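Enquirer: Pasting the sequence and the predicted model now:
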Amino acid sequence: MIRKVPQDFLLGAALSAYQMEGAAGTDGREPSVWDAWLARPGSGYDGRAASDFYHHFEEDIAAAAAHGLRALTLSLSWSRILRANGTVNPDGLAFYDRVIDACRAHGVEPFVALYHFDLPDAYAREGWLAPGTTEAYLRYARVVFQHFGDRVRHFLTMKDPVTEVMQGYITGLFPPGQHFALGRAVRAPRFTSRRRASACTSILRTACSRMTTASTTCGSIGIAHRAEGVYPLRETKADLQAARRDDVLTNRMLLDIVLAGRMSLRTRSLIGEILPDGESFATNDEELEVLGRAAAALDFFGVNYYASHFCTKPTDGTSRITHNGVGERGTSAYEIAGISRRLSREDVPTTDWDWNIFPRGLYEMLLRLHEEYRAIPIYVTETGLGLHEHPTDSVLEDDDRIDYLRQHLAAVLDAMEDGVDVRGLFVWSLIDGLSWTNGYDKRYGLFYVDYATGSRFPKKSADWLRDLAERRIMLTLNAIHTRTTKNAPD
């Protein structure tokens, strides 16, 4: 069937500072936790050069515009802008001035994320659990808005905070590299949610106060969450319980805090079920007041979607995680004692990295947000397919990626037809870059990057997206996203 993409629906792509910028030691940038993490013995990856967006940004932004992309999400490097001693690095600000001005010159709307995993190394010891980290973030956020607020109309306070917690305290794949520290994984959002919410509110107040001193409109503030669908593998009581427990960590706790400003009794009950013995979870009146105020101040919500999970009861009291870091299908395992074991489903295809390709999960997540939380504009701030890619004569026919994007955009259009206010979709990613846990072999870009020479060229998916942006029509299968199984069963 032929699907029409509304003219006012933003089609864009995404970038990340650490994964693409490179120039790690250039113009006063100070180290982030990822510099030390990737320098540890056995890492196998080096992020210091990445895709060298730092020296190719004009070319990359011009290519995005030439292929019909009207918006880019990009993150800033905190340690490139604000030094550990609290002083501003003018060279860092000047670099992002050039990036944002290039976006404006090419008619590309910048959505600027203040933070995407790359915490300055100066705060590595206790991370977000330390009050000083949030105080430093607030100083950094004020600098960013005061400097760029006249040219940036959309800010994201953070991208994927739950992913940072889960990968840092459960899988051990992110710094600080702890394994199965479930208590810390649950406490981290509890201790940081109020502070992060305070940051969001403070930034918004700063934004609106500018209206009294400058002829600019108040910028919009959002946050992006990696919203992964969570389902029972089978319709059994044990699998339903496993899915509920998995979902409270993966989605429910964050969604309640950010969108409702409080945690429901159901959420609190599920957290109580998974906390280790002796652990407790409570919020005080001050925290609830701040959370409520921050949730009401949020202007839009970003959904990063790549996969869904199918859960069954854990086999015993042992947690097991095997990371598929090289793209050999069938080599991953994920099981957390007392919560869930994730398995694939025979009727759902997977990537080489064992991620389930399940566009219905995106559709149902968007419906869930629409039905369970207050009405708020939504952007799909990331979605895309990682592949092993080997071009021939500067030609790369990534038909699997085109099929993935077609299916997931169709899921978004289905949700919009069912009343969800989705304003745009950003493909991850504009250019190939460093995968946090898979290095450079897993490529997502619309544009191929030769890491040895820095040269770029468009893949077939970039040309497909250009045609879509121009014609605003897309050929898909008949509607396949009709809800059949409720996401995150109660």
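Expert: That came through fine.
Enquirer: From here on, just use CA atoms for contacts and neighbour counts.
Expert: Fine.
Enquirer: what sits against the closest residue to Arg466 other than its chain neighbours?
Expert: Computed as Cα to Cα, 6 or more residues apart in numbering, the closest residue to Arg466 that is not its neighbour in sequence is His67, at 4.4 Å. Listed by Cα atoms under 8 Å, 6 or more residues apart in numbering, the contact set of His67 reads Ala462, Asp463, Leu465, Arg466, Ala469.
Enquirer: ok, 7 Å please
Expert: Counting by Cα atoms under 7 Å, 6 or more residues apart in numbering, His67 touches Ala462, Asp463, Arg466.
Enquirer: By neighbour count, which of the residues you listed wins?
Expert: Neighbour counts for these peak at Ala462, which has 24 neighbours (criterion: other Cα atoms under 10 Å).
Enquirer: Tell me the buried residues in stretch 141-150?
Expert: Using 16 or more other Cα atoms under 10 Å as the test for burial, stretch 141-150 gives Ala141, Arg142, Val143, Val144, Phe145, Phe148, Gly149, Asp150.
Enquirer: so how far is the host helix or strand of the second one from its chain's centroid?
Expert: Arg142 is located in helix 131-148, with elements delineated by DSSP states H and E. Its chain's average C-alpha position is 20 Å from that of helix 131-148, according to Cα atoms, centre = their mean, to the nearest Å.
Enquirer: Now that helix: average pLDDT?
Expert: Averaged across helix 131-148, pLDDT comes to 89.
Enquirer: And stretch 79-86, end to end?
Expert: End-to-end distance of stretch 79-86 (Cα to Cα, to the nearest Å): 10 Å.
Enquirer: So which residues of the stretch 301-450 of the chain form helices?
Expert: Remark: helices assigned in the stretch 301-450 of the chain by DSSP state H, counting those that start in this stretch are 359-372, 399-417.
Enquirer: Can I get these in a markdown table including mean pLDDT?
Expert: Below are the helices of the stretch 301-450 of the chain laid out as a markdown table (pLDDT from 0 to 100):
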| stretch | mean pLDDT |
| --- | --- |
| helix 359-372 | 98 |
| helix 399-417 | 97 |
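Enquirer: re earlier: just the CA atoms of the helix holding Arg142, as CSV, please.
Expert: Output in CSV follows, covering the C-alpha atoms of helix 131-148 (Å, rounded to 0.1, in the frame of the first residue of the first chain):
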residue,chain,number,x,y,z
PRO,A,131,25.5,15.7,44.3
GLY,A,132,28.5,17.6,43.0
THR,A,133,28.1,16.0,39.6
THR,A,134,24.6,17.4,39.2
GLU,A,135,25.7,20.8,40.4
ALA,A,136,28.4,20.8,37.7
TYR,A,137,25.9,19.7,35.1
LEU,A,138,23.6,22.6,36.1
ARG,A,139,26.5,25.0,35.6
TYR,A,140,27.3,23.4,32.2
ALA,A,141,23.6,23.5,31.2
ARG,A,142,23.3,27.2,31.9
VAL,A,143,26.4,27.9,29.9
VAL,A,144,25.0,25.9,26.9
PHE,A,145,21.6,27.6,26.9
GLN,A,146,22.9,31.1,27.5
HIS,A,147,25.4,30.7,24.6
PHE,A,148,23.3,28.8,22.1
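Enquirer: Check which element follows it along the chain.
Expert: Counting by DSSP H and E, what follows helix 131-148 is strand 154-159.
Enquirer: just checking, what packs against whatever helix or strand comes next after that following strand?
Expert: Under the assignment DSSP H and E, the closest C-terminal helix or strand after strand 154-159 is helix 161-169. Contacts defined by 3 or more Cα pairs under 7 Å, 6 or more residues apart in numbering; DSSP states H and E place helix 161-169 against helix 182-209.
Enquirer: Under the pLDDT cut-off, which ranges of the stretch 101-250 of the chain? List them.
Expert: Along the stretch 101-250 of the chain, segments meeting pLDDT under 70 span 183-184, 186-218.
Enquirer: same thing but at 50, please
Expert: Low-confidence regions of the stretch 101-250 of the chain, defined by pLDDT under 50, span residues 190-191, 207, 211-215.
Enquirer: May I see the helices of the stretch 301-450 of the chain arranged in CSV, with mean neighbour count as well?
Expert: Listed next are the helices of the stretch 301-450 of the chain as CSV, based on neighbours: other Cα atoms under 10 Å:
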stretch, mean neighbour count
helix 359-372, 22
helix 399-417, 20
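Enquirer: Tell me which of those helices sits nearest to Gly12.
Expert: helix 399-417 (12.2 Å; Cα to Cα).
Enquirer: which residues touch that closest one?
Expert: Pro359, Arg360, Leu362, Tyr363, Leu366, Leu367, Gly384, Leu385, Val422, Ser461, His481.
Enquirer: need the strands for the stretch 351-490 of the chain, in chain order.
Expert: When secondary structure is read from DSSP state E, counting those that start in this stretch, the stretch 351-490 of the chain shows strands at 378-383, 422-427, 447-449, 456-458, 473-475.
Enquirer: for the stretch 1-150 of the chain, that is, sorry about that
Expert: Ranges of strands within the stretch 1-150 of the chain are 2-4, 10-14, 71-75, 109-113, based on DSSP E, counting those that start in this stretch.
Enquirer: Give me the mean pLDDT for the shortest one.
Expert: Looking at strand 2-4 alone, the average pLDDT works out to 93.
Enquirer: now do the second one
Expert: Rounded to a whole number, the mean pLDDT of strand 10-14 is 98.
Enquirer: and that strand, what does it pack onto?
Expert: Going by 3+ Cα pairs under 7 Å, 6+ apart, strand 10-14 lies up against strand 71-75, strand 422-427.
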